[in-house]
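Participant: Here is the input, now give the coordinates:
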Amino acid sequence: MVQVNKTIKKIAILILKLSVSATLFYILISKIGGNKLIENLSMVSPVAFIAAIGIYLIASYLSSLRWKLLIPKQMGKRKVFTMYMIGAFFNTCMPGIVGGDAVKAYYLSKELKKDNTSLNNKEQSDDKNHSQSQSKFAENIVAIASVFTDRYIGFSALLLISITAFPFGFKYLEGTPVKWLMPLILIIFVSVSIAIFKFRIGERLKFLLKAYEYFRLYRSRKHVLFKAFLYSLCVQISGFSAVYTLSQGLSLDISFLSILIFLPIIILISLIPVSISGIGLREGAFVFLLSTIGIAQDKSLTLSLLWFLSGVVASLWGLFEYLRYKVSFSKEIE
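Facilitator: Below you'll find the predicted structure:
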């Protein structure tokens with residue numbers, strides 16, 4: 001009965017998110033016109049669109065290298081990239097069904113169970129207790145903690161870029177309801193981080209207690225965290241570059257600085273969990289924010305859709321990997 005209620009709840013939430021996305025998208029299309037949108041899409045440079053797909057794949061590879069640093073086991077780059085792309089496919093193309101992060105954590109936990117004594121000591125030969133630490137962790141907790149830390153570091157890099165660009169974009173954001181959004185998010189982010197990592201809020205919960213053991217392990221490996229952060233900066237800049245490339249493919253007069261100012265806000269808004277993959281929220285944010293620099297609504301909406309579509313096409317690599325490795329993963333688990 002409990003399981004049935006959970007299923008019903010998930011379906012209800014999915015329907016609600018679909019409704020929000022459909023409503024917001026319908027409002028935007030009604031204002032702009034479907035024919036105008038199709039016309040804009042047909043005018044984009046194919047080279048720019050293909051380049052954006054390539055940039056997405058490069059960013060995904062760099063993200064997988066970052067994640068690999070946070071996995072306490074020696075694991076091949078190809079295997080980690082495979083799991084990362086499978087997660088990207090579920091996140092982008094199958095939202096609301098199974099979360100991409102959950103998929104990554106699932107496959108990683110299975111990999112860790114195959115050999116929970118083999119650790120990533122290639123760059124950590126001086127850490128004599130590393131192997132002993134791994135044995136204390138349940139594989140699923142390590143998998144979830146690594147995915148969380150990967151996301152955490154990525155978001156930290158996004159905030160750094162946003163706050164660095166903020167003074168230059170203040171004149172564009174003046175008078176908008178999101179003027180102080182990123183500084184506010186930074187304050188909240190730092191406060192929550194201090195509560196979790198400094199004061200260890202939630203330590204009494206069994207799961208978090210185990211996760212803290214993982215965090216403590218990497219806390220003593222600051223050079224690894226620094227390297228992961230550098231990867232994150234490269235990943236974020238790649239994402240900005242993809243949007244800038246698409247804007248040039250549409251012949252829009254948008255500077256790269258404008259992308260640095262607006263895109264973090266757009267990403268943050270699209271992460272609000274009330275729609276499917278941020279559809280509707282992301283497009284509305286593009287239209288609203290780019291209007292402050294004189295970009296027409298139809299062009300802004302087109303740019304947003306192109307960015308999303310380039311991600312969808314690129315993430316299909318994950319579908320290929322999922323179909324290819326699903327059987328092999330299952331056999332290894334048995």
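Participant: Could you pull out the helices in this structure for me?
Facilitator: For the chain, the helices defined by DSSP state H cover 2-32, 34-43, 46-69, 77-93, 100-114, 130-134, 139-173, 181-193, 206-219, 222-249, 256-270, 281-290, 297-333.
Participant: The fourth one versus helix 46-69: what angle between them?
Facilitator: Here the directions of helix 77-93 and helix 46-69 differ by 120 degrees (axes from the mean of the first three to the mean of the last three Cα atoms, to 10 degrees).
Participant: for the record, mean pLDDT for helix 77-93?
Facilitator: Averaging the model's pLDDT scores along helix 77-93 yields 90.
Participant: Identify each buried residue in that helix, please.
Facilitator: Within helix 77-93, the residues that count as buried by 16 or more other Cβ atoms under 10 Å are 79-93. From N, CA and C alone the C-beta is placed, and that goes for glycine too.
Participant: Which of these sits closest to Lys299?
Facilitator: Of all the buried residues of helix 77-93, Lys299 sits closest to Thr92, with 23.3 Å by Cβ to Cβ.
Participant: nearest spatial neighbour of that closest one, skipping sequence neighbours?
Facilitator: Ser315 (4.2 Å; Cβ to Cβ, 6 or more residues apart in numbering).
Participant: my guess is that neighbour meets Asn91, correct?
Facilitator: Yes - using Cβ atoms under 8 Å, Ser315 makes contact with Asn91 at a distance of 7.5 Å.
Participant: where does the protein have low pLDDT?
Facilitator: Within the chain, the stretches with pLDDT under 70 are 1-4, 6, 95-98, 115-137, 202-210, 327-334.
Participant: which residue ends up closest to the midpoint of it in space?
Facilitator: The chain has Arg151 as the residue nearest its centroid, 6.7 Å off, counting by Cα atoms, centre = their mean.
Participant: Help me confirm that it comes into contact with Lys104.
Facilitator: No - using Cβ under 8 Å, Arg151 is not in contact with Lys104, being 10.2 Å away.
Participant: how close does the residue nearest to Ser304 when sequence neighbours are not counted get to Leu257?
Facilitator: Spatial nearest neighbour of Ser304, excluding adjacent residues (Cβ to Cβ, 6+ apart): Phe286 at 3.9 Å. To Leu257, Phe286 is 17 Å away according to Cβ to Cβ, to the nearest Å.
Participant: Also Lys110?
Facilitator: Lys110 is 44 Å from Leu257, by Cβ to Cβ.
Participant: Also Leu233?
Facilitator: As judged by Cβ to Cβ, Leu233 and Leu257 stand 16 Å apart.
Participant: ok, these two, which is more surrounded?
Facilitator: Neighbour count, other Cβ atoms under 10 Å: between Leu233 and Leu257, Leu233 has more, with 17 against 14.
Participant: Tell me how many other residues surround the nearest residue to the more buried one once chain neighbours are set aside.
Facilitator: Leaving aside its chain neighbours, Leu233 sits nearest to Ala157 (4.9 Å; criterion: Cβ to Cβ, 6+ apart). Residues lying near Ala157 (other Cβ under 10 Å) number 20.
Participant: before we move on, what about Ala52?
Facilitator: Neighbours of Ala52 (other Cβ under 10 Å): 26.
Participant: wait, it sits on Ala242?
Facilitator: Yes - the pair Ala52 / Ala242 is scored as a contact, 4.4 Å apart, by Cβ under 8 Å.
Participant: which residues are common contacts for those two?
Facilitator: Each of Trp307, Ser310 lies in contact with both Ala52 and Ala242 under the rule Cβ atoms under 8 Å, 6 or more residues apart in numbering.
Participant: residues touching Ile267, list them.
Facilitator: Leu158.
Participant: let me fix that: Gly239
Facilitator: Shown in contact with Gly239 (Cβ under 8 Å, 6+ apart): Ile55, Ala59, Leu263.
Participant: any chance of the residues you listed in JSON lines, with distance to Tyr218 too?
Facilitator: JSON lines is the format used below for those (distance: Cβ to Cβ, whole Å):
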{"residue": "Ile55", "distance to Tyr218": "29"}
{"residue": "Ala59", "distance to Tyr218": "23"}
{"residue": "Leu263", "distance to Tyr218": "28"}
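Participant: Need the residues you listed in a markdown table (columns: distance to Ile185 and neighbour count).
Facilitator: Shown next, in a markdown table, are those (distance: Cβ to Cβ, whole Å; neighbours: other Cβ atoms under 10 Å):
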| residue | distance to Ile185 | neighbour count |
| --- | --- | --- |
| Ile55 | 25 | 22 |
| Ala59 | 22 | 21 |
| Leu263 | 14 | 24 |
